[in-house]
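Novice: Test case, fold it:
(chains A and B)
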Amino acid sequence: MLSENELKILFFLKNVKKANSVEIAKNTGLSESSVLSLIELLKEKGLVKTEVIYQKYYALTEEGSRRKEKGLPEDILISILNGKEKELNEIKNLMGNDFNIAISWAKKKGLIEIEGGKIIPKVKTYTSSEYYALNNIDQADKNTIQLLQRRGLIEEKERKIVIVELIREPAENEIGISNLSRDLIVSGAWEKFKFRKYNVEAFPPYYTISKKHYFKEFLEKVKDIMINLGFKEINTGYIEMEFYNFDLLFQPQDHPAREIHDSFSVEGSGKIEDKELLNNVKQIHEKFWKYKWRQDITLRLMLRSQTTATTARVLASKPKIPIKTFTLGKVFRPDAIDATHLIEFHQLDGLIIDNNFTFRDLLGVLKEIFYRLGIKEIKFKPAYFPFTEPSVEVYGYLEKLGWVEMCGAGLLRPEIMSAVGIDSVAGAWGMGIERLAMSFLNINDIRLLYSTNIDYIRNVKIRIE
Amino acid sequence: MVTIVLNKYSLLGKLKITEDQLDNLLFNLKSEVKPIDENNIEVEINADRLDLLSSDGIARAIKGLLERELGEAKYEVVNTDYKLIVNNVRTRPFALAAIVYNSKIDLQELIQFQEKLHATIGRKRKKVAIGIHDLKKIDSKIIEYKEIPLSYRFVPLNGSIELTISEVIERTEQGKLYGHISISNGVSPAILQDNGQILSVPPIINSDKTKLDQSTRDFFIDVTGTSFEAVVQTLDLIVSNLAEAGGTIGKVKVETPMNSESLYSPLLTHKTQTVKVDYINKILGVNLSEEDSCKHIMRMRMDCKAESEHIRVIVPQYRIDILNEIDLVEDISMSIGYNNLEPSKYVPTNYGTYDYMTLVERKIRELSIGGNFVEIFNFVLTKDTKLLEGNYVKILNPISEEYNAVRNSLIPILLDFISKNQHARFPVRIFEIGDVVVQNDHSDTGFINDRRIAYAIMDSKVSYEDIQAPVHYILKSLGIEAYYKETKSEIFIEGRVASIMYNKEIIGIIGEIHPSVLRKFDIEYPTVIAELYLTKIAEKLKS
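Specialist: The predicted model follows:
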C-alpha cells in the first residue's frame, strides 16, 4: 500500500517519466531528505529504478556570500565616488579592510586613476559581472566562473543526485490514504484512493479511564437503600463529647468501653446548653448504676467511637415524633491495623421513634434493610448493649464466610427516652459497613478499601447492580 | 464480651443434652460456643449475664429453658458463728464475706469464675476484688478487715517464704499488676484472722495459708471494693454458683464502724419488679396472656406471680442485670426465642431525604470524573508532621505515630498519596471528597467537620492552567462563576497560587506545589493541586 507522499512522487513522475531527486523535491514540496527515503521505498516496491550520479556544482564561499549580500568592493568604491575625485585617505577611512581590494580591482578594470593622492573616477556607475554571477551561478560563463574562483568567492563541490525513472505504474490496490484530512474530504480526492488498512487486531496504547471510588460507590448504595426506606439522612462531626457517645446512651462512666484503649481522646471539653438534659442523665446514671456521676467526664472530647453518638444527638434535639433518621459515617477505635482491622471505619446507624413501634417491627425493618443489601438469609440473636433492651444481634449469611454478625440493634432503654423527654418507643441499630463491603466487593484485606495504590484503584472492575 | 473455657463433657453430662442442643440453648442466652479441642469449648458470655460465667450458672439457666426446673433456684442457707469486722479502710471501704459448705465446684472453673468477675464487675480489681479460701485452713471465727503497714509479713499464694507487702508488690507478678490500686499513705487493706495472720491482701493476692486444693469443699469468700452495691452483687453471684454446684450457703455476721446494726452476708438480695402484660405485648408486638408471660419468666429462673393489674416478679440475687421492667420484657422475648418472633413486614410509608451535602457531593463527583480525575479514598487520621498548616486535632492516646492527628486539609493527604505513586503511569490525576476537622467557636465541641474536595495532577510537566481549567469548568457547571486572586502560601510557588473566589469569598485554593514541599513528601515530579471548600460552596448553592 502506498502512502500519500509516495503517491505525490509517482504523480510527478507519471508526466515526466524521469527526474532527479532535486527536481522531485522542488515539484512535490517534500524535503530532499524525505524524497531520498521515499524513493528507496518505491524502488523496493518495483515502481521505479534509480541511478545515482555525482554532480559538480559551485557553492559560494563565506566571502562570496558576503559579497553577494553587500556588493563587490570596486562596485562600492565607484558608488562612493559618485563621479567625483576624492582623497585616498578619506576613502581608506570609509572602506577599511576592503580599501586595498577595491583600489586594486578598480585600477585593473580601468575604472579609476590615481594622481597626487587623489582618486579620479572614470565612470559614474558600475556593477561588476562577478556580482551578477554570484546571484546566478548556474548561468555564469566559464570566464566569470574562473574569475570568481580566483577571487576566492566560490568553490567547486560535488553532490549526490538520484535520477529516478518510473518503470511501472502502481496497481489500484497499491494506493491508499492513511490519514483522512479535511482537504481530502472537501476536494473529493479521497475517491481516487483506497484507505490504508490498520492492524485493527493489535492492542491499543495505555489509556486511563477516570472512575468513582469503588468503596464510596458502595456507601452511596447503602444511603440509597435507607432513603428508599423513607429515612432522613443526618450527619454530625467526628469530634464528640463523651456525653453523646456514652452518657446519654446509659453507658456508666466506669464502663470498660470508656477506657483509654477503647477510644481516642482529644484535648479540650465541650459545652451543653440543655441543663435539664444534663441533670436527667446524671440522675438516671446515679439511680441505676449507683455511682457519683461527673460532669467533667461527660464533657470530655473524643473521636466518636460509634455513630450512635449521632443518634444520641437526634434524641437530644427534641425531635418531632414520629421520626426515622439514619447516619452513615466514620468512627474511630484504637486497634492494631491488619487485614481485618482498621482504626477508622464506617457505621450505619438508624433510628425510628413511633408510638406503636414494637420489637417485631424492629426485626422487620432490619430484615428489609438486609434484604435490600442482598442478604436474604438472616437470624437474630439476643445480645447486650447498654442502651437497648431488648437487644439483638443480626447475623447474615454470606456465601464465602457463612454466618457473620452484622448489626447490633434494639429498643432504646426507657431510661434514655425519659432522659430526653420522649414518651414513645424507639428502635435503633448500628451496623459496621466495611465487612459488608469487603464481601460485596470481593476484597479480602480491609486495607484495600482505602488503597493508596493508584494502579489498583484504576484497575478495579465496576459492578453492575 | 467475656469468654470462659469449659469442659464440654462435664457440662453436657450435667445436663444430659447433645452438643447441638447446647449450642442452640446458649445462642438464645446471648452466648456463642466455639470448640477448642476434643474436650474443651470456649463460651462467649455477654457482659450483662455475669451469672453465666461458670458451668453451674449456665446449667441453672439451661435447666429453665428445658423446663426441668422453673422459677428461682433456691439454695440452702444456714447461719454460722463466723464474724467479719470491717474497720475504716480508706481506699476500699466496703467488705463482705460468706461461707459455702460442701460445694462440688471444679477448682479450675472456680478460679476462672473469680478472674472473670475481677475483669468485669470488678473493673480489673479496682472496683471489686475477691478472695476465696479453704475454710478448714482458717483458724479463727473472727476475721478482721483493716489497714496494715507495708512492712507486715506473710507468705503469698504459691510462695514458700514470708515477704513484706512491699516485697510482694516489687517481686510478684500480682504485686506488679495490682499493687498500685489500693495502697496509700504506707498502708494496705488486709483480711486477717484474729491472731493477726494475713488471709488476703486485697486486691493483690491471698495468703498461701488458705490455698484451695482439689479436696476443698468448704469455702470462705471475702469481697472488698469501692462500691457497696458491686461488692454485694459479686458475693451473691459467687455463692449462688457455688450453691448451684451443691453447696450450702453460710451467713457471716458483718460488723462495721459506720453501722451500729450488724448485717449478715451474703445479702442474697432479692428485688421485686412488676410488669404489665399490656406493656410486654406492646413492646414485643405479641399477644401473650398473663400465664404465658409468667411461664417465660419462670423459664428464665425467676419467680413470678400474676396479680390482677400486673405480674410480680421476684428477681433473685444472681440476676443482677434486671434493672427495670424492660429487662423482664427482654427475658420473655429470649424465652420465646428471637427467631420465633415473626418480623413484621416493613413497608416504607414516606419518602426519605438526603442530606443536602450528599446531593452536592454526588454532583461534583460526577463532574470530577468528567474532568478526568480518578477518585481516591483515604483515612481521616494522619501523622501530625505531614499536616502543612493551621490548627489540627491531636489524638492524646494514639496507638501509632502514623495516625496521631485528624486531617485539617486534603492537600497533604493527596501529596502523601501521590508520593506513593510516582512509578505509576503518568499523568496521575486524582481527587478526593471528604471531611476535615477544623476549629469552630460556634460548635458545642469547638470543632466542626468541613467537607472538602481536592484535585491533584502529577506529571513530568504540569502547570497552573492544567488544573485551573478543569476545576474552573467543574465549578462553572455547578453555576459557580469563579475568579482568581493571587495569594501567598508556603505550600505553593509564589506567583503561581491563587485563592479561588466567588462573590468576594474564598471558596478554595489552587496552584503549583513548591519544590520544598514536594521534597518533604519525597515527590520528584511537578504537582499542581486545588482544594475547594465544599461546605461553603453548598451554602452558596442552597441560597
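
Novice: Low-confidence bits of the stretch 251-400 of chain B, can you list those?
Specialist: B:259-260 (pLDDT under 70).

Novice: Tell me where it has strands.
Specialist: Along the stretch 251-400 of chain B, counting by DSSP state E, counting those that start in this stretch, strands occupy B:263-265, B:271-275, B:303-306, B:311-315, B:374-375, B:381-382, B:393-394.

Novice: got TSV for those, with distance to residue B:38 and mean neighbour count too?
Specialist: Heads up, the C-betas are built off the backbone N, CA and C, glycines and all. Below are the strands of the stretch 251-400 of chain B laid out as TSV (distance: least, CB to CB, whole Å; neighbours: other CB atoms under 10 Å in any protein chain shown):
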stretch	distance to residue B:38	mean neighbour count
strand B:263-265	41	18
strand B:271-275	42	16
strand B:303-306	40	18
strand B:311-315	39	20
strand B:374-375	52	20
strand B:381-382	44	22
strand B:393-394	51	20
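
Novice: Could you export those strands to JSON lines, including columns for distance to chain A?
Specialist: Output for those, formatted as JSON lines (distance: least, CB to the nearest CB, whole Å):
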{"stretch": "strand B:263-265", "distance to chain A": "17"}
{"stretch": "strand B:271-275", "distance to chain A": "12"}
{"stretch": "strand B:303-306", "distance to chain A": "18"}
{"stretch": "strand B:311-315", "distance to chain A": "14"}
{"stretch": "strand B:374-375", "distance to chain A": "4"}
{"stretch": "strand B:381-382", "distance to chain A": "6"}
{"stretch": "strand B:393-394", "distance to chain A": "6"}
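
Novice: And the pLDDT for residue A:355?
Specialist: pLDDT recorded at residue A:355 is 91.

Novice: same deal with residue A:175?
Specialist: For residue A:175, pLDDT reads 68.

Novice: just to revisit the earlier point, to residue A:71, which of the strands of the stretch 251-400 of chain B lies closest?
Specialist: Each of those was scored for nearness to residue A:71 using CB to CB, and the closest is strand B:374-375 (67.5 Å).

Novice: Can you give the strand pairings for the closest one, parallel or anti for each?
Specialist: strand B:428-439 (parallel) (DSSP bridges).

Novice: Can you tell me the closest non-neighbouring residue to residue B:41?
Specialist: Of all residues beyond its chain neighbours, the one nearest residue B:41 is residue B:8 (4.7 Å), with distances taken as CB to CB, 6 or more residues apart in numbering or on different chains.

Novice: Next, count neighbours for that neighbour.
Specialist: For residue B:8, the neighbour count with other CB atoms under 10 Å in any protein chain shown is 20.

Novice: First residue to last residue on stretch B:123-136, what's the distance there?
Specialist: 30 Å (CA to CA, to the nearest Å).

Novice: I misspoke; the intended subject was stretch B:101-112.
Specialist: Span of stretch B:101-112 from end to end, CA to CA: 20 Å.

Novice: Equivalent analysis for stretch A:92-107, please.
Specialist: End-to-end distance (CA to CA), stretch A:92-107: 15 Å.

Novice: try stretch A:78-90
Specialist: The first and final residues of stretch A:78-90 sit 14 Å from each other (CA to CA).

Novice: Kindly report the same for stretch B:284-296.
Specialist: 14 Å.

Novice: Same question for stretch B:49-68.
Specialist: 21 Å.

Novice: Kindly report the same for stretch B:376-384.
Specialist: End-to-end distance of stretch B:376-384: 21 Å, with CA to CA as the criterion.

Novice: Now chain A against chain B: closest residue?
Specialist: Going by CB to the nearest CB, chain B is nearest to residue A:358 of chain A, at 3.0 Å.

Novice: ok, that residue - how many residues close by?
Specialist: Neighbourhood size, residue A:358 [other CB under 10 Å]: 20.

Novice: my guess is it contacts residue B:282, does it?
Specialist: Yes. The pair residue A:358 and residue B:282 qualifies as a contact (CB atoms under 8 Å) at a distance of 6.9 Å.

Novice: shared neighbours of these two, which are they?
Specialist: residue A:425 (CB atoms under 8 Å, 6 or more residues apart in numbering or on different chains).

Novice: sorry, back to before: leaving out the residues flanking it, which one is nearest to the residue of chain A closest to chain B?
Specialist: residue B:285 is the one closest to residue A:358 (CB to CB, 6+ apart), at 3.0 Å.

Novice: Over to residue B:217?
Specialist: Nearest in space to residue B:217, with sequence neighbours left out and distances taken as CB to CB, 6+ apart, is residue B:102 at 5.1 Å.

Novice: give the contact list for the one you found.
Specialist: Contacts of residue B:102 by CB under 8 Å, 6+ apart are B:217, B:218, B:246, B:247, B:248.

Novice: Same question for residue B:339.
Specialist: Here residue B:339 is in contact with A:379, A:380 (criterion: CB under 8 Å, 6+ apart).

Novice: on that earlier part again, next, the contact list for the residue nearest to residue A:358, please.
Specialist: A:358, A:359, A:360, A:361, B:341, B:344 are the contacts of residue B:285 under CB under 8 Å, 6+ apart.

Novice: ok, and the most crowded of those residues?
Specialist: Ranking those using other CB under 10 Å puts residue A:359 first, with 28 neighbours.

Novice: how does the chain divide up, domain by domain?
Specialist: Went with chain A since none was named. A:4-55+A:157-195, A:73-127, A:215-459 (automatic domain parsing).

Novice: actually it's chain B I care about, not the one you picked
Specialist: Split by automatic domain parsing, chain B gives B:2-65, B:77-265, B:271-340, B:356-542.

Novice: how near is the residue in chain B that chain A sits nearest to to residue A:411?
Specialist: Taking CB to the nearest CB, chain A has its nearest neighbour within chain B at residue B:285, 3.0 Å off. Plainly put, residue B:285 is 11 Å away from residue A:411 if you go by CB to CB, to the nearest Å.

Novice: who touches both of those two?
Specialist: With CB under 8 Å, 6+ apart as the test, residue B:285 and residue A:411 both reach residue A:359.

Novice: ok, back up a step: wait, which of the contacts of residue B:285 is closest to residue A:90?
Specialist: residue A:361 (119.9 Å).

Novice: Ramachandran angles for the residue in chain A sticking out farthest from the centre?
Specialist: In chain A, the residue that sits farthest from the middle, by CA atoms, centre = their mean, is residue A:116; the gap is 83.1 Å. Here is the backbone geometry of residue A:116 (degrees, to the nearest 10): phi 50, psi 50.

Novice: Alright, calling it a day.
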